[in-house]
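Engineer: Just a sequence and a predicted model for now, questions to come.
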Amino acid sequence: MRIVLASQSPSRAAILRGAGVEPVLRPAHVDERAIEAELADAAPGDVVAALAAAKAEAIAPHYPDDVVIGGDSMLLLDGQLQGKPHTEERTVERWRAQAGKSAQLLTGHCILLGDKRYVETSTTTVHFAQASETDIAAYAASGEPLQCAGAFTLEALGGWFIDAIEGDPSSVIGLSLPVVRRALYEFGVNASEFWNLPRN
């Protein structure tokens with residue numbers, strides 16, 4: 001049995017590798033904008049959960065005997081869900097809006113094993129620093145935050161501008177190990193079964 005990650009996020013893969021797991025990487029391609037539009041009136045946590053589920057479900061039929069993980073993260077800032085900024089200009093706008101504020105990073109998880117299914121959205125509060133205009137421009141120009149939910153990373157350059165978090169750090173990076181563990185236990189599987197440790 002393997003863990004299959006239905007994501008192209010390097011951060012999600014890095015979390016699993018850091019936790020002793022070498023995942024099978026099988027990015028799912030779903031129409032995220034269409035799903036978001038369909039759920040325009042849904043609760044923010046339900047939106048990220050639905051996106052995660054769409055990704056996992058797209059891949060799961062190809063891996064019936066493996067654990068398939070779909071994930072999606074968005075930032076809830078001032079009541080509005082924020083996805084990836086994609087451009088430098090949009091990143092600068094986002095940071096001007098969120099600098100000095102607190103927001104909730106929502107990470108939806110859908111974990112499948114055969115006909116077993118586990119869905120959970122984790123919420124972590126992020127306290128953003130009052131970053132200077134020069135640093136905001138430099139961070140945007142680095143390219144790092146362009147493909148990141150909320151236009152930031154916790155584990156790399158963006159760490160300079162996060163004053164604190166309340167919740168699960170791995171969830172902010174993109175995949176909650178506690179959520180995955182809970183799913184595995186629900187399926188009757190132990191986390192240690194997936195560890196790729198050197199043998200003595």
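Structural biologist: Good, I have the coordinates.

Engineer: mind listing the helices in this structure by residue range?
Structural biologist: 10-18, 32-38, 44-59, 88-98, 133-142, 169-173, 177-186 (DSSP state H).

Engineer: Just put those helices in JSON lines and tack on distance to Gln82.
Structural biologist: (C-beta placed from N, C-alpha, C; glycine too.) Converted to JSON lines, those look like this (distance: least, CB to CB, whole Å):
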{"stretch": "helix 10-18", "distance to Gln82": "17"}
{"stretch": "helix 32-38", "distance to Gln82": "12"}
{"stretch": "helix 44-59", "distance to Gln82": "10"}
{"stretch": "helix 88-98", "distance to Gln82": "7"}
{"stretch": "helix 133-142", "distance to Gln82": "15"}
{"stretch": "helix 169-173", "distance to Gln82": "14"}
{"stretch": "helix 177-186", "distance to Gln82": "21"}
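
Engineer: what's the closest of the ones you listed to Leu197?
Structural biologist: helix 10-18 (12.2 Å; CB to CB).

Engineer: Can I get the closest one in CSV, CA atoms only?
Structural biologist: In CSV, the C-alpha atoms belonging to helix 10-18 read as follows (Å, rounded to 0.1, in the frame of the first residue of the first chain):
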residue,chain,number,x,y,z
PRO,A,10,6.1,20.7,-3.9
SER,A,11,5.2,21.7,-0.3
ARG,A,12,2.7,18.9,0.2
ALA,A,13,5.2,16.4,-1.2
ALA,A,14,7.9,17.8,1.1
ILE,A,15,5.7,17.4,4.2
LEU,A,16,5.2,13.7,3.4
ARG,A,17,8.9,13.2,2.7
GLY,A,18,9.9,15.0,5.9
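
Engineer: could you say what helices and strands that helix packs with?
Structural biologist: Contacts defined by 3 or more CB pairs under 8 Å, 6 or more residues apart in numbering; DSSP states H and E place helix 10-18 against strand 3-5, helix 169-173.

Engineer: List the contacts of it.
Structural biologist: With contacts defined as CB atoms under 8 Å, 6 or more residues apart in numbering, helix 10-18 is touched by 3, 5, 7, 22-23, 25, 69, 71, 148, 153, 155, 170, 173-175, 177.

Engineer: tell me the contacts of the most centrally placed residue in the chain?
Structural biologist: Averaging the C-alpha coordinates of the chain gives a centre point, and the residue nearest to it by CA atoms, centre = their mean is Gly174 (2.7 Å). Contact analysis of Gly174 by CB under 8 Å, 6+ apart lists Ser7, Ser9, Ser11, Arg12, Ile15, Gly71, Ser73, Thr107, Ala149.

Engineer: how about a cut-off of 6 Å?
Structural biologist: Counting by CB atoms under 6 Å, 6 or more residues apart in numbering, Gly174 makes contact with Ser9, Ser11, Arg12, Ser73.
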